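**Student:** Sharing a sequence plus its predicted fold:
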Amino acid sequence: MPKMEEKQLIVEEIKQHLEQAMLVVFTDYRGLKVDEMTELRNKLRIPGVEVKVLKNTMLRFALEKNGNKDMADLINGPNAAILSQNDPVTPAKVLFEFAKTHKNLEIKMGLLEGQVIPPEKIKNLADLPSREVLVATVLGTMQAPITSFVRVLNANLTGLVRALDQVREQKAS
């Protein structure tokens, strides 16, 4: 296969990865040692998450094909792309936790469902509680009115039973 066709296939593959990903975070990994990069890859071994080091020219072409020409112009230096297909929060949390202890990792920018986002927005994602905590909070909030309603009904029934018991005692004496 000629080199040009190989490159076009690579660009198409990167484009598909970008389209399928819910969150893509671009990082500059200069200054990280091999064992530190391996540590980051291991921490990002989450279902639906991939870490890819991409050639800038191929990445630029893929971004342009996806309609992100402005972002393609910002791609420079070494880039590691973290692509998450399912959960945007967990990979963001892992990246920022790792960046706290490894100052050489720079989070440049990202794509959240196709929209370009700055590092601050990725940090906001990382600060969100986990999905399980959010679901538990929503369920607790939904359950609270039902529990209160049951208590009110129970109190009314208890009051009725006490009143009937007093009437029974009065009639018995």
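**Tutor:** Nice, I can see it.

**Student:** and residue 102, how many neighbours does it have?
**Tutor:** Neighbour count of residue 102, defined by other C-beta atoms under 10 Å: 16. Every residue, glycine included, has its C-beta placed from N, CA and C.

**Student:** Give me the nearest residue to it, chain neighbours excluded.
**Tutor:** residue 36 (5.8 Å; C-beta to C-beta, 6 or more residues apart in numbering).

**Student:** same check, this time on residue 111
**Tutor:** Using C-beta to C-beta, 6+ apart, the closest residue to residue 111 is residue 24 (4.2 Å).

**Student:** would you say the one you found is within a strand?
**Tutor:** Yes - according to DSSP: H, G, I helix; E, B strand; the rest coil, residue 24 belongs to a strand.

**Student:** Surely it and residue 85 touch.
**Tutor:** No - applying C-beta atoms under 8 Å, one finds residue 24 not in contact with residue 85, separated by 10.1 Å.

**Student:** Among these two, which residue is more densely surrounded?
**Tutor:** Counted by other C-beta under 10 Å, residue 24 and residue 85 do not tie: residue 24 has more neighbours, with 28 against 14.

**Student:** any idea which helix or strand of this structure has the worst average confidence?
**Tutor:** helix 69-74 (a mean of 75; mean pLDDT, DSSP states H and E).
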